[in-house]
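Chemist: okay, predicted coordinates and the sequence, questions at the end:
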Amino acid sequence: MSSSQHYDVIVVGSGPGGGTMAWKLAQTGKRILLLERGDYLRRGRENWDSQAVFVDGIYQATETWYSSKGESFHPGLHYFVGGNSKVYGSVLFRLRERDFGVINHPDGISPGWPVGYDAFEPYYQAAEELFHVHGLRGEDPTEPPSSKPYAYPPVSHEPRIQELFDGMKKLGHHPFHLPVGVLLDEKDGVPLPESPCCKCDAFDGYPCATNGKADAQIIVVDPALKANPNLTLLTNAYVDKLVTDPSGRTITGVEVIRHGERLSFSADIVVVACGALSSALLMLRSGNDQHPNGLANGSDQVGRNYMRHNNSTVLAVSKQPNPTKFQKTLGLNDFYFGSDDWDYPLGHIQMVGKSDGVQVHGEGLPKFLQWLPEMPFDYIAKHSIDFWLTSEDIPLPQNRIFYKDDKVHLDLTETNMEGLKRLKAKLRGMCNDLDMHPHLFDRELYLGKDVPIGGTAHQAGTLRFGIDPLTSVLDVNCKAHELDNLYVTDASFFPSIGAVNPTLTIIANAMRVADVIAARLQ
């Protein structure tokens, strides 16, 4: 490939935001270049090896970043075609309708969005259909309005999770089937022979060796490449910087390092979707005389307002064995916006992938062993029921990613941890009535090996969109205020993050912005 080629659009990053953008724009017939810093994730038995995936972290980025306390860590990022979605849990929620407005928390305000839920609803529907989201409308009292039912039926609960579902209902709660993006065809709870997903125990947090997970590579990148010869994918292509014309208003070059060689490409329009943290770093690396503090950073907001949810993965011990394989089917939002003893939002509860003995051993749970000194790790894992708890954090300007002495620093002051604490207490309070021991134990490895609390799995907010160029980086169409041909379609644009998984909103927004760009290309 010649490095002097000019394209109609260059998309940087092949995850849900970039991959979806490339998929949709490729249908215009315009010449599109998709740049991915990683390569295809190889399929093999190690994809489902919990020692390799969770304990050794073989798919996790190897670079070293630094926390605000000066501690070094490996970010929970994954550089592959499909981005972080190669190992995500594939739960694809719409933000709640109220999440688009101002929400009060004890530690401050979650700001409103410059556009409302109505602007996203048709794109949410299209995103659910595209990514094979299996679900059931009407079970979750917090779900926002929708124009159609889910296109795919909910993933069935296995017997122990169905007991959990029924038990929560008896307690007066409203459990629901999680909206799962999966290529699954089942009958009576059993996957059909032709189903790509076999409902195994290595789905959540693992790469899928059978291509049954609805990740960006499987759903948008590969199909778009097959159907559109005008789309080109270049892997192992690290975008080092974006170059502007002398006025600083137009991106004229995309500089790439590939196998040690520096290449340069150009396009009429550039879309950045590297993930909120990496996109902000790209902007900061791309500063020039017209943008001395980083590209598009006249507001001094690039890299700031970082959010990642207050996430906690916990393990409860069932009094009876839990032989469930595909555990990620149940959610609970009864405490999403508050509770009878707390006027502020607590957050969201969902099932997470089933623990095995290797993971339990890798966590190193001293309290666990004090409580059950005679029980081996495999026994504990056999009785485990695993939950993911999410509460909202607030976008603070001092929570940011930046370069210092050529090293990446990530400053993070936690907010709203009281909500997460209370959410955990609500779950713990149900345990006895749900035939579980009243103890919850942290599964820290799920968030990434040597990753600080909360992880970087739900990264968002570093290039937020808004109406005022003084307080935001992007406009309402996710175009940089200060540049005429630069758009961003990962979770960087989020002004707040709610308390549900952000990926469906990323996909829906990429579709929304793709419509804007497609009209411009015409």
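Modeler: Yep, it's here.

Chemist: strand partners of the longest strand along the chain, parallel vs antiparallel please.
Modeler: Longest strand in the chain by number of residues (criterion: DSSP state E): strand 261-272. Sheet pairing for strand 261-272, assigned by DSSP bridges, gives strand 6-12 (parallel), strand 251-258 (antiparallel), strand 486-488 (parallel).

Chemist: make TSV from those and add mean pLDDT, mean neighbour count and distance to residue 143 to it.
Modeler: Any C-beta I mention is one placed from the backbone N, CA and C, and that applies to glycine too. What follows is those, written out as TSV (pLDDT from 0 to 100; neighbours: other C-beta atoms under 10 Å; distance: least, C-beta to C-beta, whole Å):
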stretch	mean pLDDT	mean neighbour count	distance to residue 143
strand 6-12	98	23	31
strand 251-258	98	19	39
strand 486-488	98	28	28
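
Chemist: out of those, nearest to residue 340?
Modeler: When the strands paired with strand 261-272 are compared by C-beta to C-beta, strand 486-488 sits nearest residue 340, at 40.6 Å.

Chemist: what is the mean pLDDT for the helix or strand following that closest one?
Modeler: Next helix or strand after strand 486-488 toward the C-terminus (DSSP states H and E): helix 503-521. Here helix 503-521 scores 98 as its mean pLDDT.

Chemist: then stretch 161-178?
Modeler: Computed over stretch 161-178, the average pLDDT equals 97.

Chemist: what sits up against that stretch?
Modeler: For stretch 161-178, contacts defined as C-beta atoms under 8 Å, 6 or more residues apart in numbering pick out 91, 134-136, 139-141, 143, 154-155, 157, 324, 327-334, 350-351, 385, 430, 433-435.

Chemist: export the longest strand of the chain to CSV, keeping only CA atoms.
Modeler: Provided in CSV are the C-alpha atoms of strand 261-272 (Å, rounded to 0.1, in the frame of the first residue of the first chain):
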residue,chain,number,x,y,z
GLU,A,261,8.1,2.4,9.3
ARG,A,262,6.5,5.8,9.3
LEU,A,263,3.6,6.2,6.8
SER,A,264,1.4,9.1,6.1
PHE,A,265,-2.2,9.1,4.8
SER,A,266,-4.7,11.8,4.0
ALA,A,267,-8.5,12.0,3.8
ASP,A,268,-11.3,14.6,3.4
ILE,A,269,-12.7,13.5,6.8
VAL,A,270,-11.0,11.8,9.7
VAL,A,271,-12.9,9.9,12.4
VAL,A,272,-11.1,9.0,15.6
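
Chemist: okay, the angle between it and helix 503-521?
Modeler: Counting by axes from the mean of the first three to the mean of the last three C-alpha atoms, to 10 degrees, strand 261-272 lies at 90 degrees to helix 503-521.

Chemist: got a list of contacts for strand 261-272?
Modeler: Defining contact as C-beta under 8 Å, 6+ apart, one finds that strand 261-272 is touched by 3-13, 18, 21, 33, 35, 237, 240, 242-243, 251-257, 279, 282-283, 485-490, 513, 517, 520-521.

Chemist: now do the buried residues in it.
Modeler: 263, 265-272 (16 or more other C-beta atoms under 10 Å).

Chemist: hey, which helix or strand in the protein has the poorest pLDDT?
Modeler: Lowest mean confidence among the helices and strands of the chain (mean pLDDT, DSSP states H and E): helix 366-371, at a mean of 54.

Chemist: which parts of the stretch 51-200 of the chain are strands?
Modeler: 65-67, 72-73, 103-105, 108-110, 133-134, 176-177, 180-181, 186-187, 190-191 (DSSP state E, counting those that start in this stretch).

Chemist: of these, flag the one that's most buried.
Modeler: strand 180-181 (a mean of 28; mean count of other C-beta atoms under 10 Å).

Chemist: circling back to that earlier point, redo the strands paired with strand 261-272 as TSV? Include distance to residue 209.
Modeler: Below are the strands paired with strand 261-272 laid out as TSV (distance: least, C-beta to C-beta, whole Å):
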stretch	distance to residue 209
strand 6-12	27
strand 251-258	28
strand 486-488	32
